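A.B. asks: with the input below, show me the fold.
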Amino acid sequence: MSRIRRSFLRKYNSLIAWSLSVFGIACTNIACEYGTPEGKFIVNGTVQSEEASLPLDHIRVVMGRDTGFSDAAGHYQVSAFDFPTSQSFYLNFTDVDGSINGSFHPKDTLIQFNNPEFHDGNGHWYNGETEKKIDVRLKAKE
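C.D. replies: Residues are numbered from 1 along each chain as shown. Here you go, the predicted model:
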């Protein structure tokens, strides 16, 4: 009985090996790439005081794992790499310099990239970058 079983398994294994080799050869024109597609989501803008509309320096801006600070003109930029489709990101604006330029309340903002258009991709997994400009006004602490 074991002799018949061995013969059957050999034929079955040969059939599987032949099938895999035929299908494997037919798929050789597909490039092997590992990973997931990604795009760079950039948010930039200015931070100003709500009352006087003056630019605010040293405001910490956090988006995901990226942290940036506003400069003397109030400009900031943060970015995140994520799957290149519609995405939402929370931005947190916090006054970290104490009372040097006044004290301001922190602000959280939700930024949505709906059907973003990417540019400067490499044609493979990197789809490029998309950008949004968000100007924020912070309220002074009393």
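A.B. asks: look up the closest residue to Pro64, ignoring the ones flanking it.
C.D. replies: Rather than Pro, residue 64 is Gly. In this structure, Gly64 finds its nearest non-sequential neighbour in Ala80, 4.2 Å apart by Cβ to Cβ, 6 or more residues apart in numbering. C-beta here means a position set from N, CA and C on the backbone, and glycine is covered the same way.
A.B. asks: in whatever helix or strand that neighbour lives in, which residues are buried?
C.D. replies: Applying DSSP states H and E as the criterion places Ala80 in strand 75-82. By neighbour count with 16 or more other Cβ atoms under 10 Å, strand 75-82 contains the buried residues 76-80, 82.
A.B. asks: ok so, going back, my guess is the residue nearest to Gly64 meets Met63, correct?
C.D. replies: Yes: counting by Cβ atoms under 8 Å, Ala80 touches Met63, with 5.7 Å between them.
A.B. asks: now do the contacts for the residue nearest to Gly64.
C.D. replies: Listed by Cβ atoms under 8 Å, 6 or more residues apart in numbering, the contact set of Ala80 reads 40-41, 63-66, 89.
A.B. asks: mind doing that once more with 6 Å?
C.D. replies: By Cβ atoms under 6 Å, 6 or more residues apart in numbering, the contact set of Ala80 is 41, 63-64, 66.
A.B. asks: likewise Ser70?
C.D. replies: Neighbouring residues of Ser70 by Cβ under 6 Å, 6+ apart: 47, 56, 59, 76.
A.B. asks: and the furthest pair within the residues you listed?
C.D. replies: Leu56 and Tyr76 (9.6 Å; Cβ to Cβ).
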